[in-house]
Structures are given as C-alpha cells and as structure tokens.
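A.B. asks: predicted model and sequence below, questions to follow.
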Amino acid sequence: MQEQHEINEKFINLGVILNKNNEVLMIRRVEEEQGKNGNKLIWAFPGGKQRKSESREECVKREVKDETGYDVNPIRQISLRVHPEFTILVAYHLCTLNSSEQISEPIEPHEIAEIKWIKTEDIEKIITTDLDPKVKLELGLEKRAPANY
C-alpha cells in the first residue's frame, strides 16, 4: 500500500533533461488537458506535484524516476512562472542523467502514454502549449540578447 503524502496541488516541478545527443526527455500524457487558450497539453517535460515534505530538487528527481525510469540530478532551476494557459505555478529544472539507461520501469503507466527523446530543434513542433522563454533559451531555441556595455 502506498503512503499518502500531502501535496501542493497548485505547484509542479518539471525536469528539462538533455542527453549526449542533444535530445530532451519528453513524455506524452495519457489524458490531454485543455488550456485557457484552447491548446491541448499532450507532450510535456516529466515532473509533477511537490510533496510538502520535500524540496523542489527531491520532487523533480522522484517524479522523473516515477514517470520515466531515469535517474537524474537536478543542477539548477531554469525558471519559475505561473503557466499562462493553466492556473499552476511551474518550476523548470535543468537536470543531468546519472545513467544514460533507465534504472527502473516507470511506475506511472496510467499517466504516461509514451517516453521519448526528442531533438532540441523539434521540441517546438511537439509542444502544443506555451513553452517557457527561459527554457527556450536554455535549449538554444532562442538567441540571447547582446549585452549593452
């Protein structure tokens, strides 16, 4: 029997995980969610709701492993924002892989229809909701503005 944990329903942590082939780990959700703008959330970065007893880093590490079977190391938070299409606070974390192979079977097949490595340049083709500008910058999908000196 699984333990019940008190979770924060309006706060999620997502992992932005790159492999050595410049691909990003993505999940396709079983249930699509419709945003305010009519866009459907189909593909997403792995992650989920934070338990009140854990840190953001612990949450993203646990959720990525539960959803994908990959063991990751959160390096730093990329962005924190209220998603413009869903009423939820989202923290995006840059993560590295501790192993290039899955270390376990995903334990949330009821939530995840597919796990896939997507080339960074193809991310915007599959994400159907608003992609965080700081995540775009981190993935090299947007150029940094030149510094004014």
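C.D. replies: Good, I have the coordinates.
A.B. asks: how about the helices of this structure, start to end?
C.D. replies: Along the chain, counting by DSSP state H, helices occupy 56-68, 123-126, 133-138.
A.B. asks: buried deepest among those helices, which one?
C.D. replies: helix 56-68 (a mean of 22; mean count of other Cβ atoms under 10 Å). Just so you know, the C-beta spots here come from the backbone N, C-alpha and C atoms, and that holds for glycine as well.
A.B. asks: elements contacting it?
C.D. replies: Helix 56-68 sits against strand 7-17, strand 23-34, strand 47-51, strand 72-82, strand 89-97, strand 112-119, with contacts defined as 3 or more Cβ pairs under 8 Å, 6 or more residues apart in numbering; DSSP states H and E.
A.B. asks: can I get those in JSON lines with mean pLDDT and distance to Leu137?
C.D. replies: Listed next are the helices and strands packed on helix 56-68 as JSON lines, based on pLDDT from 0 to 100; distance: least, Cβ to Cβ, whole Å:
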{"stretch": "strand 7-17", "mean pLDDT": "91", "distance to Leu137": "11"}
{"stretch": "strand 23-34", "mean pLDDT": "94", "distance to Leu137": "14"}
{"stretch": "strand 47-51", "mean pLDDT": "94", "distance to Leu137": "19"}
{"stretch": "strand 72-82", "mean pLDDT": "97", "distance to Leu137": "8"}
{"stretch": "strand 89-97", "mean pLDDT": "97", "distance to Leu137": "11"}
{"stretch": "strand 112-119", "mean pLDDT": "96", "distance to Leu137": "17"}
